[in-house]
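> Any chance you can model this:
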Amino acid sequence: MKPALFISDLHLSHTRPGITRLFLDFLQSAAGEAQALYVLGDLFEYWPGDDDLAEPLHAEVASALRRLHSAGVAVYFMHGNRDFLVGAEFARAAQAALLPDPTLIDLYGMPTLLMHGDSLCIDDPAYMAFRGKVRSPAWQKDFLAKPLAERKTIIEGLRRESDEEKAQKSAEIMDVNPEALAAVLRENRYPRLIHGHTHRPARHLHSVDGKACERWVLTDWYENGGYLRCDEAGCEAVTLSR
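Coordinates of the predicted model:
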């Protein structure tokens, strides 16, 4: 049986063309041999709204995902903290199914929970407050009503503020909280967990209520790239080099 592949935190941007090329090559090579590709958030550095689909990078990525779907590979997309405004128009253009966060799937007989991962970082109260605000339907409706150019200007300002704030925070604060992790594993009956966001790729084994739970943290695509390959035998992390 063909494998399922998982990626996150590509942060595609016109300022990093090498990573875009690596991603497009990945779609034509390893992803083309899969049964499904799951994008678990932050495919893009930012997403101002689906009315920016005509932007060359966005159009190229959507077309490439659509070709992958046409070749018989199911494509799934979950929102990240940078591209949470991706909507139905992008999904149609890319032929990608939008997944809620979290989503529990049966992966070759193994219950597997998929998340972006930011909702587990509750030790960062400033970020969690911001997340709650921008994920609200009222905020999004108001924001998307603004002209596209204004939205992009606002996003650039928010990104600068975020970078400045992160420079003052410890890495531990921005990692997943153990109690939040245990709670979500318990709530979903002790599945395997796959997520991104923290940029700390690794395989972890957790014991929750005496149950063994495997957790895979996906790699980001800042220096190189990579994906998680899962099949009947289990999962393995694969590194891509430019």
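> any idea how far residue 114 is from residue 231?
16 Å (Cβ to Cβ, to the nearest Å). To be clear about C-beta, it is placed using only N, CA and C from the backbone, and glycine gets the same treatment.
> which of those two has more neighbours?
residue 114 (26 against 15; other Cβ atoms under 10 Å).
> Give me the pLDDT value at that one.
The confidence metric pLDDT takes the value 98 at residue 114.
> check contacts around the residue nearest to it when sequence neighbours are not counted.
Using Cβ to Cβ, 6 or more residues apart in numbering and skipping the chain neighbours, the partner closest in space to residue 114 is residue 103 (4.8 Å). Residues in contact with residue 103 (Cβ atoms under 8 Å, 6 or more residues apart in numbering) are 78, 113-115.
> for residue 71, same thing?
Here residue 71 is in contact with residue 32 (Cβ under 8 Å, 6+ apart).
> Tabulate the CA atom coordinates of the helix or strand bottoming out on mean pLDDT in the chain in PDB.
Ranked by mean pLDDT, DSSP states H and E, the helix or strand of the chain with the weakest confidence is helix 148-166, at a mean of 90. These are the backbone C-alpha positions of helix 148-166, laid out as PDB (Å, rounded to 0.1, in the frame of the first residue of the first chain):
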ATOM      1  CA  LEU A 148      -6.200  43.500   0.200                       C
ATOM      2  CA  ALA A 149      -3.300  46.000   0.300                       C
ATOM      3  CA  GLU A 150      -4.400  47.200   3.800                       C
ATOM      4  CA  ARG A 151      -4.500  43.600   5.000                       C
ATOM      5  CA  LYS A 152      -1.000  42.900   3.800                       C
ATOM      6  CA  THR A 153       0.300  46.000   5.500                       C
ATOM      7  CA  ILE A 154      -1.400  44.900   8.800                       C
ATOM      8  CA  ILE A 155       0.100  41.500   8.500                       C
ATOM      9  CA  GLU A 156       3.600  42.800   8.000                       C
ATOM     10  CA  GLY A 157       3.200  44.800  11.100                       C
ATOM     11  CA  LEU A 158       1.900  41.800  13.100                       C
ATOM     12  CA  ARG A 159       4.900  39.700  11.800                       C
ATOM     13  CA  ARG A 160       7.400  42.300  13.000                       C
ATOM     14  CA  GLU A 161       5.700  42.400  16.400                       C
ATOM     15  CA  SER A 162       5.700  38.600  16.600                       C
ATOM     16  CA  ASP A 163       9.400  38.400  15.700                       C
ATOM     17  CA  GLU A 164      10.300  41.000  18.400                       C
ATOM     18  CA  GLU A 165       8.200  39.200  21.000                       C
ATOM     19  CA  LYS A 166       9.600  35.800  20.200                       C
END
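> Cool, thanks, talk later.
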